[in-house]
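Enquirer: I would like the atomic coordinates for the input below:
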Amino acid sequence: MTEIDATPAPAPRRRPARARTTWMAAVLLAGGLTLTGCSTTSTDTATSSTASSSTSSSITDAAAASTTDATTTAQTISDTAAAAEAFLATLSEEQREAVLYAYDDETKTTSWSNFPVTFVERAGLNLTDLTAEQQSAALAVLEALLSDEAYQTVTAIMGGDEYLLENSNSTEESLGQYYIAFFGDPSTTSSFEVQFGGHHLGINATLDGTSDAITFAPTHLGVQPAVYTDADGNEVQPFDGIYTDAFAFFDSLTAEQQATLTSGEVSSCAPGDTCDFATGTGLTGAELTEEQKQLLLELIANWAGMADEESTATTLAQIEVTLDDTVVAWSGETTYDMSTGDGISFSISGPNVYVSFQAQNGSAGADVDGVTTSGWGHVHTIYRDPTNDYAGSVTQQAAFGMGGGAAPGGAAPGGAAPGGAAPGGAPSGE
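Expert: Okay, here's the model as predicted:
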């Protein structure tokens with residue numbers, strides 16, 4: 001058995017904060033709240049179940065709130081548990097029952113997907129059915145859990161969906177709808193999972209206060225469009241950080257290494273479904289220099305390291321142990337220039353990590369004049385840990401239909417639709 005180096009890998013360098021979307025500002029301002037991780041207050045539960053008919057658009061009117069990242073795993077778990085309890089305090093008894101599941105409930109494996117929520121029913125509560133204060137409290141859970149950079153990426157993804165809803169010709173009405181659920185009681189003394197997602201997002205974060213451990217496996221991040229302008233006139237590019245890290249790694253390679261990388265087979269694994277974690281062919285970690293390995297780890301951290309610096313360093317150290325046996329494959333463009341070509345796809349497959357980044361060469365009916373909604377601007381990704389999905393609490397169930405999860409009412413979707421996965425499980429769509 002390979003001995004794990006007790007010295008954590010250095011946390012990845014943090015890029016300057018990118019502009020946040022305006023996804024949540026109106027909600028925060030309407031409730032008079034700021035997202036501080038655990039400072040939200042409870043509301044009268046007698047009125048808490050009242051839904052706002054304009055919630056979907058108001059949620060995306062957000063402004064950045066000043067936050068302070070937790071730097072340790074224990075602090076992140078504590079802050080997230082406190083934020084979750086504050087959110088639960090705003091809910092009626094009926095809503096609490098809808099959002100809370102047993103920790104080992106297998107629903108957690110079938111209630112997230114890269115399909116729209118009209119095709120795959122999500123667990124928990126739909127934010128569009130909540131009051132503004134409840135929405136703010138729900139988003140406070142995310143802010144407590146995620147680093148500032150990860151939170152910005154996530155809210156930019158959500159803002160992109162809302163942008164498509166308002167500006168594209170898509171008929172998918174569920175764009176901009178997101179659900180939150182908890183598996184296990186949020187606590188610092190036991191394990192619980194925060195599940196949050198919608199169409200281009202599926203976060204499954206397991207927090208274990210007994211061993212100070214956080215895992216984001218499995219998680220789905222997607223983007224469409226590549227760049228958009230938010231309600232305040234700011235340009236938002238949700239995946240700029242990922243693209244920057246991907247090409248920093250690619251550009252560090254020699255011509256011979258690049259040839260090996262691009263001659264490999266990029267593997268895919270559908271969100272919300274079982275996966276055989278195919279290693280495939282390509283460039284192995286053993287063929288990389290130490291500097292190149294660190295750049296690869298920084299790329300992986302976009303999925304595996306979405307919380308605090310200590311959690312990121314711990315996870316990357318575990319991945320680094322088997323990095324020599326990890327295979328990276330790449331297809332598509334070799335220069336970060338979104339004005340040409342159809343984007344990139346790559347996979348990173350090893351004993352302790354699986355990342356699949358898949359360009360979707362089609363808009364899936366979500367076209368916007370002058371905006372890139374295909375290729376570079378339409379990407380589905382999946383991050384999983386072959387040894388520790390869902391922190392080992394459940395086994396991933398086979399998906400019903402295509403792309404993961406069960407359709408509302410338990411029926412399988414009848415075919416690929418805008419925003420779904422293509423037959424066979426390969427991510428595709430809006």
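
Enquirer: Helix or strand next in line after the longest helix anywhere in the chain, which one?
Expert: Longest helix in the chain, counting residues (DSSP state H): helix 148-167. For helix 148-167, the succeeding helix or strand toward the C-terminus, using DSSP states H and E, is strand 179-183.

Enquirer: Partner strands of that following strand and their direction?
Expert: If you go by DSSP bridges, strand 179-183 pairs up with strand 100-101 (parallel), strand 125-126 (antiparallel), strand 191-197 (antiparallel).

Enquirer: picking that back up, give the buried residues for the longest helix of the chain.
Expert: 148-165, 167 (16 or more other CB atoms under 10 Å). Quick note: C-beta positions are derived from backbone N, CA and C, even for glycine.

Enquirer: likewise stretch 328-335?
Expert: Of the residues in stretch 328-335, those scored as buried under the neighbour-count criterion (16+ other CB under 10 Å) are 328, 329, 330, 331, 332, 333.

Enquirer: element containing the third one, please.
Expert: It stands for residue 330. Secondary structure assignment for residue 330, by DSSP H and E: strand 327-332.

Enquirer: now that strand, how far from the centre of its chain.
Expert: The chain centre lies 21 Å from the centre of strand 327-332; the measure is CA atoms, centre = their mean, to the nearest Å.

Enquirer: Kindly report the same for stretch 131-140.
Expert: Taking the mean C-alpha point of stretch 131-140 and that of its whole chain, the gap between them comes to 19 Å (CA atoms, centre = their mean).

Enquirer: What average pLDDT does it get?
Expert: When pLDDT is averaged over stretch 131-140, the result is 98.

Enquirer: same question, stretch 69-87
Expert: Mean pLDDT, stretch 69-87: 96.

Enquirer: now swap in stretch 399-411 and tell me
Expert: pLDDT averaged over stretch 399-411 gives 42.

Enquirer: elements contacting the strand or helix carrying residue 379?
Expert: Under DSSP H and E, the secondary-structure element containing residue 379 is strand 375-384. Judged by 3 or more CB pairs under 8 Å, 6 or more residues apart in numbering; DSSP states H and E, the packing partners of strand 375-384 are strand 219-223, helix 290-304, strand 353-360.

Enquirer: out of the strands paired with strand 179-183, deepest packed?
Expert: Among the strands paired with strand 179-183, strand 191-197 has the highest mean neighbour count (mean count of other CB atoms under 10 Å), at a mean of 26.

Enquirer: So what touches the helix or strand just after that strand?
Expert: Next in sequence after strand 191-197, counting helices and strands by DSSP H and E, comes strand 201-208. Around strand 201-208, the neighbours that count as contacts under CB atoms under 8 Å, 6 or more residues apart in numbering are 76-77, 80-81, 108, 112-114, 142, 145, 154, 157-158, 178, 190-197, 213-222, 271-272, 306-307, 390-391, 393.

Enquirer: Narrow those residues to those that are buried.
Expert: In terms of neighbour count (16+ other CB under 10 Å), the buried residues within the contacts of strand 201-208 are 76-77, 80-81, 108, 112-114, 142, 145, 154, 157-158, 178, 191-197, 213-222, 271-272, 306-307, 390-391, 393.

Enquirer: where in this protein is pLDDT low?
Expert: Counting by pLDDT under 70, the chain shows low-confidence ranges at 1-68, 400-430.

Enquirer: Now residue 214: phi and psi?
Expert: Its backbone dihedrals place residue 214 at phi -130, psi 130, with angles given as degrees, to the nearest 10.
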